[in-house]
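J.: Okay, structure incoming, though there's no sequence with it:
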């Protein structure tokens, strides 16, 4: 494969980069706050709410992401009564599936972050007259974020790599275009280009999160 073919292949793979970037940004923006809400609900004093949320986290974390995507894309339309209203495109199914999946993982990460906050912080906030909401937002969350950020970084990098599973619901992404290029040229160089693209994306992501960790350290 000469330089011209490599450039052509790279241009084709960049179409997949656009899809991956959109999915990554939307899923991260949606799943992080949803994960935090799930963390709070998993500690709720109302037992049925706590049981349902913990069961959800257990099931999602205990089953493959690809299987969850299959269920959303292929299975939901077959549900009785409401199935016809749950027919989603491949990309919409991916957005829903990835968001629900990563929210469960972020919920566990944030739970660990909350457990790392000393109980004395809550007592001090109560003495100072802070409400529960003020305590969470102004005292607990900043400390929790500092503890949870390295794990959030790891999950975010995993999310970039997991976007390769979008092919399961007929969404063309980076690896899809790489496989098409390999089939067309009978040359595996497209996989090398895909490798470099993923590495660059995750390197940029790592640098951004490292910068955030340094900012929060102060």
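T.: Thanks, I have the structure now. None of these values were measured; they are calculated from a predicted model.

J.: From residue 141, how far out is residue 125?
T.: Per C-beta to C-beta, to the nearest Å, residue 125 is found 12 Å from residue 141. (Each C-beta comes from the backbone N, C-alpha and C, glycine too.)

J.: which residues touch residue 180?
T.: residue 12 (C-beta atoms under 8 Å, 6 or more residues apart in numbering).

J.: okay, it: pLDDT?
T.: Listed pLDDT for residue 180 reads 87.

J.: again with residue 184
T.: Among the per-residue scores, residue 184 shows a pLDDT of 82.

J.: Equivalent analysis for residue 160, please.
T.: 93.

J.: ok, now residue 167?
T.: 86.

J.: Tell me where the chain is predicted with low confidence.
T.: Where the chain drops to pLDDT under 70, the residues are 1-2, 218.

J.: all helices of it, in order?
T.: For the chain, the helices defined by DSSP state H occupy 3-42, 47-61, 65-70, 90-115, 119-127, 132-134, 141-162, 174-185, 189-217.

J.: Tabulate those (a markdown table), appending distance to residue 81.
T.: Below are those laid out as a markdown table (distance: least, C-beta to C-beta, whole Å):
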| stretch | distance to residue 81 |
| --- | --- |
| helix 3-42 | 26 |
| helix 47-61 | 22 |
| helix 65-70 | 21 |
| helix 90-115 | 19 |
| helix 119-127 | 45 |
| helix 132-134 | 38 |
| helix 141-162 | 32 |
| helix 174-185 | 35 |
| helix 189-217 | 42 |
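
J.: any idea how far residue 54 is from residue 48?
T.: Relative to residue 54, residue 48 is positioned 11 Å away (C-beta to C-beta).

J.: Those two: which has the busier surroundings?
T.: Taking neighbours as other C-beta atoms under 10 Å, residue 48 and residue 54 compare with residue 54 leading, 15 against 8.

J.: for the residue lying closest to the more buried one once chain neighbours are set aside, what are its contacts?
T.: Nearest residue to residue 54, sequence neighbours excluded (C-beta to C-beta, 6 or more residues apart in numbering): residue 42, at 5.4 Å. Counting by C-beta under 8 Å, 6+ apart, residue 42 makes contact with 50, 53-54, 57, 107, 111.

J.: ok, and the most crowded of those?
T.: If you rank the contacts of residue 42 by neighbour count (other C-beta under 10 Å), residue 107 sits at the top with 26 neighbours.
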